[in-house]
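[1] got a sequence here, can you build the structure:
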Amino acid sequence: MSLNREKYNDLLIKLATTIWDYAELKFTEYKSAAAIIDLLQTQGFAIRKNLAGMETAFSATIGSGHPVIGLLAEYDALSGLSQQPFVEKMIPREGISTGHGCGHHMLGTAAVGAALLVRDYLQEKKLPGTVVLIGCPAEEGGSGKAYLARAGEFSNLDVALTWHPAAGYAVTTGSYQANCQAYFRFKGISAHAAGAPHLGRSALDAVELMDVGTNYMHEHIEPTDRIHYAITDTGGISPNVVQNHAEVIYLIRSINNENVKKLYDRVCKIAKGAALMTETEVEIVFDKACSNVLSNSVLEKLLYKSMQETPLPTYTEEDLAFARKIKPILDETAIASDSTLHTVSLSKKKEYVAKYKSQLMADFIVKYEHSDTPVPGSTDVGDCSHAVATAQFNAACYVPGTPGHSWQLVAQGKTPYAMKGMLYAAQVMATAACHILDNPEIAQEAKAEYLAVTEGKPFVSPIPPEILPNMNAKKS
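    Sure thing, here's the model as predicted:
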């Protein structure tokens, strides 16, 4: 396979570091999306903007005919994770409260790199086939791909490929959890907490009673279920006032959309019960949802083969200078929770953890074994996987033991070793896509497996049709 693997390296590193600097939150990734769009437009890709009602969602297409290969790009950051690069202690960037604590500046950029390499291969070989890069906003708490799936933006693809930065190299398998998120807003009556408490009805009491009720509920849910919450409005800071408003946001997870809906209904009953107990009112505002991941063994095997065919990064001493500084401050117990090891057996996990502990950067690929095991955590890639055969993999961009969604991860986001992991990911996706172009039957086999898993049933979005993107997201 003739791929000029390093042709776009400088361009991609510049794009990734620029998006790292922007660090824009869900649904507001205006500059990040524009940077990707401008680059691809100058490279001859046809652009569609404002997909599925999202201002920062777009597609970039080149080629014609089948197979149609989708490459998923993300570029959103996280709040509260401002951090200076190349600094081994927590020092926020001045005037910036956000940071790329999940590596999405690299995730989207590698998809761009893959799209460019596959474009070149299509033109060189004069093959039929189409490459579609889909710009997916708001993976962090906004479920951008769920809205894209609901709008049918994945329906014309034959396959979809993506990746995620991690501490090692592995094909992602198993089924990540479905989830939904909702706000519970209580309204009460203010009163003087000492002089006339009997006249008040506390909205904060209602929130606390709801939280207690859901905590008791934990004993009576499946081991694979998760219920999380955060109090977003306590009703004020004066303890001598009965709070007349309060709000809590809940994130509910289970193995599939049906189970999530059942849990959500139970949580709503608890909220209504808390309102009854406190004689307050509750408004329930559904925010977003995403589906569980449907793994596809055909595409997973293809990615594993492509990872083996792509040379792993090598590093100079200068490349690893910051890795040597940050490794001593990392908690080694976090290594076992790395996403590359989620579905690995306990005996194998011990072996891999020992390797990770001994290395500054991983230099091996975790052996692939297909799994349908539920994996704790969620991704809106699940909604894409319900609409089209989808697969993803991890590439090493961080020192093993770096916790996800952390300032330590943000600090490594511009390092030479992070960039090399990103470039490797671009080459793996490009290699896999070129295999599909050379052998279209791969896409047909992946689709056959997808249809068998879904039993041919059309995708039904877990987000009610009246819920629009951005409705609550920009407030949180």
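
[2] going by residue numbers, what spans are helices in the stretch 151-300 of the chain?
    For the stretch 151-300 of the chain, helices defined by DSSP state H, counting those that start in this stretch occupy the ranges 203-217, 257-278, 297-309.

[3] again, but for the stretch 301-450 of the chain
    321-326, 346-358, 381-387, 407-411, 416-438, 441-454.

[4] any weak-confidence spans in this protein?
    Within the chain, the stretches with pLDDT under 70 are 1, 470-476.

[5] if we can go back for a sec, pick the most buried one from the helices of the stretch 301-450 of the chain.
    helix 381-387 (a mean of 28; mean count of other C-beta atoms under 10 Å). (Glycine included, C-beta is placed from N, CA and C.)

[6] starting at the chain centroid, how far to that one?
    On the basis of C-alpha atoms, centre = their mean, to the nearest Å, helix 381-387 sits 12 Å off its chain's mean C-alpha point.

[7] cool, and stretch 285-292?
    Between the centre of stretch 285-292 and the centre of its chain there are 14 Å (C-alpha atoms, centre = their mean).

[8] dump that stretch to CSV, restricted to CA.
    What follows is stretch 285-292, C-alpha atoms only, in CSV (Å, rounded to 0.1, in the frame of the first residue of the first chain):
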residue,chain,number,x,y,z
VAL,A,285,-36.0,19.2,31.7
PHE,A,286,-34.5,16.4,29.5
ASP,A,287,-31.1,17.5,28.3
LYS,A,288,-29.5,14.8,26.2
ALA,A,289,-28.9,11.1,25.7
CYS,A,290,-26.6,8.7,23.9
SER,A,291,-26.8,5.1,22.9
ASN,A,292,-24.6,2.1,23.9
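
[9] list of residues touching that stretch?
    Under the criterion C-beta atoms under 8 Å, 6 or more residues apart in numbering, residues 141-143, 145-146, 149, 175-185, 249, 255-257, 260, 374, 378-380, 382-383, 385-386, 461-464, 467, 469, 471-473 lie in contact with stretch 285-292.

[10] now the buried members of these.
    The neighbour count (16 or more other C-beta atoms under 10 Å) marks 141-143, 145-146, 149, 175-185, 249, 255-257, 260, 374, 378-380, 382-383, 385-386, 461-463, 467, 469, 472-473 as buried among the contacts of stretch 285-292.

[11] before we move on, the earlier item: mind checking which of the helices of the stretch 301-450 of the chain is nearest residue 127?
    Minimum separation from residue 127 across those (C-beta to C-beta) falls at helix 416-438, 5.2 Å.

[12] got the angle for the closest one vs helix 441-454?
    Relative orientation of helix 416-438 versus helix 441-454 (axes from the mean of the first three to the mean of the last three C-alpha atoms, to 10 degrees): 100 degrees.

[13] just the angle for helix 416-438 relative to helix 297-309, thanks.
    Using the same axes, to 10 degrees: helix 416-438 against helix 297-309 is 130 degrees.

[14] tell me which other helices or strands helix 416-438 touches.
    The contact analysis (3 or more C-beta pairs under 8 Å, 6 or more residues apart in numbering; DSSP states H and E) places helix 416-438 against helix 9-22, strand 68-73, helix 104-125, strand 129-135, strand 159-166, helix 297-309, strand 390-396, helix 441-454.

[15] fine, thanks again, bye for now.
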